[in-house]
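Novice: curious how this folds, go ahead:
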Amino acid sequence: MVVVTIHPFTKIKHLYSIDTSLRSNYLMMQNKTTLFNVLQTLLFGLIAFLFWSNIYPAHLHFHEQFQLFNYSTAYFNETISLPGGIAHYISRFIVQFYYDSFLGPLSLTFTLLILQLLFALFLHILPSVSNKRINYTITFLPSIAIWGFLLNADAMPYLLIASILNLALVLIGISIKSASKRVVFEAISACLLFFISGGTFILYICLMASWEIIKYRETGKGVGIFFILLAATLSWLGIIAIGTLFYNYPYSLLLDSIGSYRYPTMDYSEKYVAMFVFLLVGIYFMSGISNKIMLRRLPATIAVVCMGILSAVYIYNLIDTQEESVLEYDYLTRTKQWDQIITKASQKAPSIEWELVCLNLAMAQKGTLCDKLFAYPQKGRASLLPIYEQDYMSPQFAGEAYLSIGLINTAQRFFFEAMEAIPDYQKSSRCYQRLATTNIVNGRYEVAALYLKKLSRTLYYREWANNMHHHLYNDTLIANDQELGPLRKGLFDKDFFMNEYKLEPVLLNLLNQYPNNNVAWQYLFALCLMDKNLNQLEYAVNLYLNIYPEAKLPVHVQEALLMQWLQTNNSLDGLPWQIDNQVKERLMQFVNALNQSPSTKEKVARKQFNNTFWCYALFG
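Specialist: So this is what the prediction gives:
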């Protein structure tokens, strides 16, 4: 029998080659996992940015206009004096960038990624959490849940900032190995978090209590689960009880996360969904359950894809396209993008009263209001000049129309009342702009200076405020200004009774003061048309033609005058107005169509002549 002896050095060399091969394979797998995780983060960031910049940008612009972030010590002190003041201040700092169509979505996307990356730190801090693909995908769920919450127009990013602050302290807390030091840290940080992030510090207490229970079950050392829960509950209630000594808020409101929703006394179910997901994912990682889930590559990939699909479905179901459309109309009106408003309406006809207010104002600015008024489904006078409603949104829509017409004091009242009706008692940058404008036009320079001083301490309104500051006490500069000049010329020289339900006499007084106000002429004609008040329309037209004898009358005005004429005349001979032949021919077609189909005349009229005054006058 032959005995083969292997040299020890050969054995070591063989084992070393096996170990090197395994290590190489392990590092390769780790690199692939790391690359996959990085790609997930980049993909999430890209999707979030594209969503907020292309699908939901108007919601961000909407948020920005209902706050006035000031770079001043007084504003800082005022904000941090609120429960969760630091979170409030950071949130409002980020919201100011929502003014910009690029930086707004970018800042929100960046904040969502910070929350996701903080959850990803669980994979590195806790040895019980394996760096698996599915675990990394789970770190996106809290950000997605808060994303869904933010889809509501009244949901504030405060909850997102507060969640980041809470999670950051949780990560610090679970990193402390010494139980005694950790308990001291938990007690101090819980108190601080109440003042930093408000009622959301309950998230921190729940996660740290869960961590203490997990450590107790692992080691068997400690005061027991019951006493841990009791201490957490007493800490939560006790800290809030102490908070009532510092804040003039009801106990019930301090229990909640004040500032996460624009209406302090109202709630939104998606807020609690976001908080629940936050806690669930945190406990999932701390408990070590994540390390017990064994999935091969294909099932893990399928699980990741399923989570992505479910998240997309969740977000999709919360998207309110009608609300986004209204807010987009509002933003385009605020920034005076009249052509874009008309283009948007031509693609899809507006159906909400506020959208129609913006569209009609845009057509008036372009000089086509009474040519295309009935091309869209109008809702009476409210589609032109709505009356005041005690709300923080609708007065701004109406205020823009009143300001463009030249009814300065009415516009000023609407914008002031809108700002005072903001549910969370903030000031509005947009309203400050408009109130500064109306006070400059009225010559109340001391009041205008106060608004401009505040705006000059902002990021995006500083340049406008500094420019407007030069107009104070300078009537010549105001008269030559493209916006302020016409408004100053149209100021009333005497007081009168303002009746929002009967605006025609008001507009006639305004036009008598400043006949060159083309927007006011169009609104005067449109109101007469909307009310079917042909006698008032005829009077306004004759007054208009006395000033502009060569002017061409708008199409709908011609249609109404023809109807008025035929009520007392049998033919079109002797018309005192210049009516286009095309309008006369269309009238004959309209009459013939109704005579040929007496039983279905309304259906015929709406199908062929729905965009005419005649159809509106007869069938509404």
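Novice: please make it C-alpha for all contacts and neighbour counts, starting now.
Specialist: Fine.
Novice: for residue 286, see how far away residue 175 is.
Specialist: Residue 175 sits 11 Å away from residue 286, going by Cα to Cα, to the nearest Å.
Novice: looking at those two, which is more packed in?
Specialist: residue 286 (22 against 12; other Cα atoms under 10 Å).
Novice: send me the helix or strand harbouring residue 172 as PDB with only the CA atoms.
Specialist: Element membership for residue 172 (DSSP states H and E) is helix 158-175. Taking C-alpha atoms only, helix 158-175 is exported to PDB below (Å, rounded to 0.1, in the frame of the first residue of the first chain):
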ATOM      1  CA  TYR A 158     -43.900  69.500   9.100                       C
ATOM      2  CA  LEU A 159     -44.700  65.800   9.700                       C
ATOM      3  CA  LEU A 160     -41.800  64.800   7.400                       C
ATOM      4  CA  ILE A 161     -39.300  67.000   9.200                       C
ATOM      5  CA  ALA A 162     -40.500  65.900  12.600                       C
ATOM      6  CA  SER A 163     -40.200  62.200  11.600                       C
ATOM      7  CA  ILE A 164     -36.600  62.800  10.500                       C
ATOM      8  CA  LEU A 165     -35.800  64.500  13.800                       C
ATOM      9  CA  ASN A 166     -37.400  61.600  15.800                       C
ATOM     10  CA  LEU A 167     -35.600  58.900  13.800                       C
ATOM     11  CA  ALA A 168     -32.200  60.600  14.100                       C
ATOM     12  CA  LEU A 169     -32.500  60.500  17.900                       C
ATOM     13  CA  VAL A 170     -33.800  56.900  17.800                       C
ATOM     14  CA  LEU A 171     -30.700  55.900  15.900                       C
ATOM     15  CA  ILE A 172     -28.500  57.600  18.400                       C
ATOM     16  CA  GLY A 173     -30.300  55.900  21.300                       C
ATOM     17  CA  ILE A 174     -30.100  52.400  20.000                       C
ATOM     18  CA  SER A 175     -26.400  52.900  19.400                       C
END
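Novice: buried ones in it?
Specialist: If you call a residue buried by 16 or more other Cα atoms under 10 Å, then helix 158-175 has these buried ones: 158-171, 173-174.
Novice: can you check stretch 116-124 too?
Specialist: For stretch 116-124, by 16+ other Cα under 10 Å, it's 116, 117, 119, 120, 122, 123.
Novice: residues in contact with the helix holding residue 172?
Specialist: With Cα atoms under 8 Å, 6 or more residues apart in numbering as the test, helix 158-175 has contacts from 84, 87-88, 90-91, 111-112, 114-115, 118-119, 121-122, 125, 146, 182, 185-186, 189, 193, 196-198, 200-201, 203-204, 207-208, 211, 257, 259-260.
Novice: what angle separates whichever helix or strand comes after it from helix 158-175?
Specialist: Next helix or strand after helix 158-175 toward the C-terminus (DSSP H and E): helix 179-197. Using axes from the mean of the first three to the mean of the last three Cα atoms, to 10 degrees, the inter-axis angle of helix 179-197 relative to helix 158-175 is 170 degrees.
Novice: after helix 179-197, next one along is what?
Specialist: Following helix 179-197 in sequence, per DSSP H and E, is helix 201-219.
Novice: what's that next one packed up against?
Specialist: helix 158-175, helix 179-197, helix 225-246, helix 269-286 (3 or more Cα pairs under 8 Å, 6 or more residues apart in numbering; DSSP states H and E).
Novice: mean pLDDT for these: which is lowest?
Specialist: Sorting the helices and strands packed on helix 201-219 by mean pLDDT places helix 225-246 lowest, at a mean of 70.
Novice: what's the angle from it to helix 179-197?
Specialist: Comparing the axes of helix 225-246 and helix 179-197 via the same axes, to 10 degrees yields an angle of 40 degrees.
Novice: can you give me the offset of helix 225-246 from its chain's centre?
Specialist: Relative to its chain's centre, helix 225-246 lies at 36 Å (Cα atoms, centre = their mean, to the nearest Å).
Novice: which strands and helices sit next to it?
Specialist: Short answer (3+ Cα pairs under 8 Å, 6+ apart): helix 225-246 packs on helix 179-197, helix 201-219, helix 251-255.
Novice: among those, which is the most enclosed?
Specialist: Mean neighbour count (mean count of other Cα atoms under 10 Å) peaks for helix 201-219 among these, with a mean of 19.
Novice: next, the angle from that helix to helix 179-197.
Specialist: Using the same axes, to 10 degrees: helix 201-219 against helix 179-197 is 170 degrees.
Novice: contacts for helix 201-219?
Specialist: The contact list for helix 201-219 (Cα under 8 Å, 6+ apart) reads 163, 166-167, 169-170, 173-174, 186, 190, 193-194, 222, 224-225, 228-229, 232, 236, 275, 278-279, 282-283, 286-287.
Novice: in a markdown table, list the helices and strands packed on helix 225-246 along with distance to residue 565.
Specialist: Supplementary listing: the helices and strands packed on helix 225-246 in a markdown table, determined by distance: least, Cα to Cα, whole Å:
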| stretch | distance to residue 565 |
| --- | --- |
| helix 179-197 | 70 |
| helix 201-219 | 73 |
| helix 251-255 | 65 |
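Novice: can you tell which of those helices is closest to residue 475?
Specialist: When the helices and strands packed on helix 225-246 are compared for distance to residue 475 using Cα to Cα, the nearest one is helix 179-197, at 48.4 Å.
Novice: and the closest one, C-alpha only, in CSV?
Specialist: Listed in CSV are the C-alpha atoms of helix 179-197, where the atom choice follows Å, rounded to 0.1, in the frame of the first residue of the first chain:
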residue,chain,number,x,y,z
ALA,A,179,-28.5,50.5,29.6
SER,A,180,-28.1,53.2,32.3
LYS,A,181,-26.7,55.8,29.9
ARG,A,182,-29.3,54.9,27.4
VAL,A,183,-32.2,55.5,29.9
VAL,A,184,-30.7,58.9,30.8
PHE,A,185,-30.4,59.8,27.1
GLU,A,186,-34.0,58.6,26.4
ALA,A,187,-35.4,60.8,29.3
ILE,A,188,-33.5,63.9,28.1
SER,A,189,-34.1,63.5,24.4
ALA,A,190,-37.9,62.8,24.9
CYS,A,191,-38.3,66.1,26.7
LEU,A,192,-36.2,67.9,24.0
LEU,A,193,-38.2,66.3,21.2
PHE,A,194,-41.5,67.6,22.5
PHE,A,195,-40.2,71.1,22.1
ILE,A,196,-38.4,70.3,18.9
SER,A,197,-41.0,68.3,17.0
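Novice: off-centre distance for that helix?
Specialist: Here helix 179-197 is found 34 Å from its chain centre; the criterion is Cα atoms, centre = their mean.
Novice: what's it in contact with?
Specialist: Under Cα under 8 Å, 6+ apart, the answer for helix 179-197 is 83-88, 162, 165-166, 169, 173-174, 176, 200-201, 204-205, 208, 235, 239-240.
Novice: how about stretch 444-453?
Specialist: With contacts defined as Cα under 8 Å, 6+ apart, stretch 444-453 is touched by 432-433, 435-437, 439-440, 465-466, 468-469, 472-473.
Novice: ok, residue 536 touching residue 528?
Specialist: Yes: under the criterion of Cα atoms under 8 Å, residue 536 makes contact with residue 528 at 6.4 Å.
Novice: neighbour-wise, which of these two wins?
Specialist: residue 528 (21 against 17).
Novice: next SSE downstream of the helix or strand containing that one?
Specialist: Assigned by DSSP H and E, residue 528 falls within helix 518-531. Helices and strands here follow DSSP H and E; after helix 518-531, the next one along the chain is helix 534-547.
Novice: buried ones in that next one?
Specialist: In helix 534-547, counting by 16+ other Cα under 10 Å, buried: 534, 536, 537, 538, 540, 541, 544.
Novice: ok, the fifth one touching residue 527?
Specialist: I take that to be residue 540. No: using Cα under 8 Å, residue 540 is not in contact with residue 527; the gap is 11.0 Å.
Novice: what residues are shared contacts of the two?
Specialist: Contacts common to residue 540 and residue 527, judged by Cα under 8 Å, 6+ apart, are absent.
Novice: how close does residue 36 get to residue 136?
Specialist: With the distance defined as Cα to Cα, residue 36 ends up 9 Å from residue 136.
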